[in-house]
Every structure is written in C-alpha cells, then in structure tokens.
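Asks: Here you go, sequence then predicted model.
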Amino acid sequence: MPVLVLLILIIAAIFGPGLWVRRVLAKYSSPQDRYSGSGAELARHLLDKYGLHDITVEETTQGDHYDPEKKAVRLSPDKFTGHSLTAITVAAHEVGHALQDNEGYPPLRVRSHLVNASRKVERLGAAILLISPFIGLLTRVPAMGLLMFAAGFITLGSTVLVHLVTLPTEFDASFNRALPMLEQNNVLIQSDKRHARRLLQAAAMTYVAASMMSLLNIARWWAILRR
C-alpha cells in the first residue's frame, strides 16, 4: 500500500469520527425553534416522569454529561436553552445515563470507578513528568527518557481506556433508553425520528472521537521523546 494512502487512512481514522459527530450535531441544531420546549425542560420532564425528582438539570460549559456523584444532568448552553432537534435528543441521552445510575447499571459503575482511578493515575503521571527532567539533569541517567515515556503513556493511555470502556454505556443510553423515551412520550415530530437515531449514534460516538484524539496525543508524545 502506498505510503500516501496509508497516511490518508490513518488521518481519516483519527479525525473522521470527531468531524462526523460535530457535523451531525451542527446539522440538526437548526431550526432553533423546532420544538416548543428546551433541552433543559425536556430533561426535567423526563426525570420527573420516571421518578428521578432528586436529580438536577444544570447548565455547563464543560460539555453535555451526567454526573453520577452530584446527581446532575448537565447540558451545554445551546442544549440547555435550545429548542432544536439536537438539544432535545442530547437531553434525552443524558437522562438515559441518569436512568442507568438509578438502576445500578453495571457498566456505568465500572466507568465511574475507572474515571476516579484514572484521575489518580493522571496525577501520578503528571508528577513523574514534572520531576523527570530535573532527575535527569542531576543523575544524567539515560533511562530518564524511558521513565518520561512511561509516565506520558500511563497518563494519556488511561484516558483512552476510560473512553473505550464508556462505549457500551453510551450506546445503551442512546438506543435502549433515550430513543424509547422519546418514542413512548411522543416527543419527536414524525419526520425527525430517523434523524434522532442518527443524533443518538453521534452522541455515543463522541467517545470514539475522544479515544482517537487521545491516541494521537500518545503518538505525539512518542515523537517528541524520539527527537
């Protein structure tokens, strides 16, 4: 296989999922007045309907997500106040995570434990990265390069692991919970149903895109160390 073709395939594999997800979310973000209620209002309605009155709905700048520790569905500003198909569908997806948490869905619990563990690993890796150059200058030990690579790999690799383990949880939230909720509660305009399915797939694929970018960061780190 020619090197150029291989390079194109690698670039497509790394950047393709992220570009596709952004394109799908942007495409259905208009018209902005597609639905009478906002994403936040739908999230509150669904949470109350399924008895999750103690879970809050909050606006965030940290990306759409459900926080199992704080018991909060968090939506970015365009989803929180937006009335588009994207806002409605993403809100339902995050409520899907709240339902998982309420039911004790095992993959979500595994993911939560991994997130907490990865934070500790990242702190350890960052500490090693911080002190390795100074130790190298003092001791002039060539193995410091390997130590720095190991620290960087552990720090970035733990993120990749969390993203990959998250995938089953995301697809369950999209297709086993959000889509049935939208259909059973007659939320969607009839012509939007197939588009909503595509949006829910994009919501789940967000973590595939994040995994690819984390792998790219590992490759960059390796390239820097080899200079």
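Replies: That came through, no problem. Numbers count the residues shown, from 1 in each chain.
Asks: Am I right that residue 73 falls within a helix?
Replies: No. Counting by DSSP: H, G, I helix; E, B strand; the rest coil, residue 73 falls outside a helix, being strand.
Asks: Helix or strand with the lowest mean pLDDT in this structure?
Replies: None of the helices or strands of the chain scores lower by mean pLDDT, DSSP states H and E than helix 106-139, at a mean of 66.
Asks: how far away is residue 76 from residue 58?
Replies: Note on residue 76: its distance to residue 58, by CB to CB, to the nearest Å, is 11 Å. In this view, the C-beta of every residue, glycine as well, is placed from N, C-alpha and C.
Asks: Neighbour count: the two, which is higher?
Replies: Ranked by neighbour count (other CB atoms under 10 Å), residue 76 and residue 58 place residue 76 first, with 18 against 13.
Asks: Does that one touch residue 64 like I think?
Replies: Yes. Using CB atoms under 8 Å, residue 76 is in contact with residue 64, at 5.4 Å.
Asks: How many neighbouring residues does residue 73 have?
Replies: Residue 73, neighbours per other CB under 10 Å, totals 28.
Asks: for the chain, what spans make up the helices?
Replies: 3-27, 39-49, 77-80, 85-103, 106-139, 144-171, 179-184, 193-226 (DSSP state H).
Asks: quick one: low-confidence ranges for the chain?
Replies: 1-17, 117-160, 163, 207-227 (pLDDT under 70).
Asks: If we use 80, what do you get?
Replies: For the chain, the stretches flagged by pLDDT under 80 are 1-20, 111-166, 204-227.
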